[in-house]
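Peer 1: based on what follows, work out the 3D shape:
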Amino acid sequence: MASKPGDSEEVSAATRLLWAEFHRLNTLHFGGTLRLDELRLSPRKQYGGYCVPAKRLIVLSLQALREHGFEETLDTFRHEVAHLVHPNHSAAFWELARRLGSATRYAKSPINRSPAYVRYVYECPVCAATVRRQKRLVRASCAACDKSFNPRFQLRLVSSPAIRGAAKPPTPAQSPGRPRL
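Peer 2: Predicted coordinates for the structure are as follows:
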């Protein structure tokens, strides 16, 4: 990502505020025992944020911060802090995230993604909700129909690079028929 004037000040200010929020949450909810070794703002556009509990690392999207504002980023940050304690989206995780002040169930990802971002499109067989993903899902069900995995609402793949490639008509070089002379 090309640097813009003010980028470093913007990143420094946001990082300072996020560290201050971490220390506030840590003192208030964990008695100062929770560890976070690294906090990064990344220029990547694929996510609002993520946590690597084993590395005590939280990464937030600078692009999402710019598009959705600091309050949305703060909500995502609180969600990721809860992941330091509970890596999965269990009931205990959601309870902790709520106590930490995370109001949303899923963070908003950056809006301006490259067209190549969505590689796989899935659809719920019951409500027809569409789910778009960069990575292929192995086994997932519709969260709108049931919050936990339910095979009745298992998402079906409706578009992928392989499916789109199969739908293209063959080029003259690929067409069967008489060889050209």
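
Peer 1: give me the secondary structure label for the residue nearest the centre of the chain.
Peer 2: In the chain, the C-alpha nearest the mean C-alpha coordinate belongs to residue 47, at 3.6 Å (Cα atoms, centre = their mean). Here residue 47 is recorded as coil under DSSP: H, G, I helix; E, B strand; the rest coil.

Peer 1: helices along this structure, start to end?
Peer 2: For the chain, the helices defined by DSSP state H occupy 7-30, 62-68, 70-85, 91-100, 161-167.

Peer 1: would JSON lines of those helices with mean neighbour count and mean pLDDT be doable?
Peer 2: Every residue, glycine included, has its C-beta placed from N, CA and C. Below are the helices of the chain laid out as JSON lines (neighbours: other Cβ atoms under 10 Å; pLDDT from 0 to 100):
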{"stretch": "helix 7-30", "mean neighbour count": "14", "mean pLDDT": "94"}
{"stretch": "helix 62-68", "mean neighbour count": "20", "mean pLDDT": "89"}
{"stretch": "helix 70-85", "mean neighbour count": "21", "mean pLDDT": "95"}
{"stretch": "helix 91-100", "mean neighbour count": "16", "mean pLDDT": "95"}
{"stretch": "helix 161-167", "mean neighbour count": "10", "mean pLDDT": "67"}
